[in-house]
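> here is a sequence together with a model predicted from it:
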Amino acid sequence: MDTSTAINPYKSINEIPVPAGFERLKLEDDSFGQWLLGVKLKKDKTVYLYNGITKQNQTAQFAVLDISIGTRNLQQCADAVMRLRAEYLFASKKYAAIHFKDNNGTDYQFTAPFTNKNLLLYLQRVFGMCGSASLAKQLHRKPIQTIMPGDVIIRGGYPGHAVMVMDVAQNEAGKKIYLLSQSYMPAQDIHLLVNPVNKLISPWYEVTEDEGIQTPEYNFRKDELKGW
């Protein structure tokens, strides 16, 4: 798949082609994974920082998600994961499920008024108090073979890193491939990652027997996959 053009031709995640022989997983209509498939993409593939400056490395992204980042250096890696999760729950009117814990276990619950403006204000507070270390505690570990859209590959730390599984496809033999998105430091546009290891199927990643998962700007272990 050609990633050289500066214009992204796909309007949403579900328009990104799947490699030959693979089909997207069938998902429940109200699931997080199904919601992620509808996330809009920008035509412009440039990644901008929260202050409007272009990110120095412009080679990591396949496309940029059409989601605001604010004007403060807050929506970084784990924050982008929490933003996507919160936006799904908000869109599904599952307001009581919107809560995140800091590293000390303090729970931050989204409360009325249930408006988009209040959601963004709530998330700014969450971004300031929670991060990869706390989110890694909140999620549960799962085997890489069970990877699903909405899962998170995360290493908690100061700093750690986290990427979101945006889509999963499978072939008749049961082999799975997946798409990843990230924000990073400083806060920047959430973007869909290219695959630096296998450019023939990029931006898709393969579930393999390898212990490591190499992304453009961070290397994870396959046992760092977690779910909600």
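Yep, it's here.
> which residues sit in contact with the residue most central in space within the chain?
Residue closest to the average C-alpha location in the chain (C-alpha atoms, centre = their mean): Met164, at 2.7 Å. Neighbouring residues of Met164 by C-beta atoms under 8 Å, 6 or more residues apart in numbering: 36, 80-81, 84, 150-152, 180-182. (Each C-beta comes from the backbone N, C-alpha and C, glycine too.)
> for the residues you listed, which one is nearest Arg72?
When those are ranked by distance to Arg72 (C-beta to C-beta), Ala80 comes first, at 14.0 Å.
> hmm, Tyr108 and Arg125 touching each other?
Yes - taking C-beta atoms under 8 Å as the definition, Arg125 is a contact partner of Tyr108 at 6.6 Å.
> of those two, who's got more company?
Remark: of Arg125 and Tyr108, Tyr108 carries more neighbours, 19 against 12, as counted by other C-beta atoms under 10 Å.
> and stretch 41-52, what's its mean pLDDT?
Averaged across stretch 41-52, the pLDDT comes to 98.
> and it, what's buried?
By 16 or more other C-beta atoms under 10 Å, the buried positions in stretch 41-52 come out as 41-42, 45, 47, 49-50.
> could I get those residues as TSV with secondary structure and distance to Asn219?
Formatted as TSV, those follow (DSSP: H, G, I helix; E, B strand; the rest coil; distance: C-beta to C-beta, whole Å):
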residue	secondary structure	distance to Asn219
Leu41	strand	26
Lys42	coil	27
Lys45	coil	23
Val47	coil	20
Leu49	strand	23
Tyr50	coil	25
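> distance to Gln76 added to these, as a markdown table?
Listed next are these as a markdown table, based on distance: C-beta to C-beta, whole Å:
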| residue | distance to Gln76 |
| --- | --- |
| Leu41 | 20 |
| Lys42 | 19 |
| Lys45 | 20 |
| Val47 | 13 |
| Leu49 | 11 |
| Tyr50 | 9 |
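> between those, which is nearest Ile190?
Closest to Ile190, out of all of the buried residues of stretch 41-52 and judged by C-beta to C-beta, is Val47, at 9.0 Å.
> who are the contact partners of the closest one?
54-55, 58, 60-61, 64, 188-189, 191.
> report the longest strand in this protein, please.
strand 161-171 (DSSP state E).
> walk me through which strands the next helix or strand after it pairs with, and which way each runs.
Downstream of strand 161-171, the first helix or strand assigned by DSSP states H and E is strand 176-182. With DSSP bridges as the test, strand 176-182 is paired with strand 161-171 (antiparallel), strand 191-193 (antiparallel), strand 205-206 (antiparallel).
> quick check: chain neighbours aside, which residue is closest to Lys40?
Take Lys40 and drop its neighbours on the chain: the residue closest to it by C-beta to C-beta, 6 or more residues apart in numbering is Asp66, 4.0 Å away.
> which ones are touching the one you found?
39-42.
> how about the closest residue to Ala91 other than its chain neighbours, secondary structure?
In space, and not counting its chain neighbours, Ala91 is closest to Trp35: 6.5 Å by C-beta to C-beta, 6+ apart. Taking DSSP: H, G, I helix; E, B strand; the rest coil as the rule, one finds Trp35 in the helix state.
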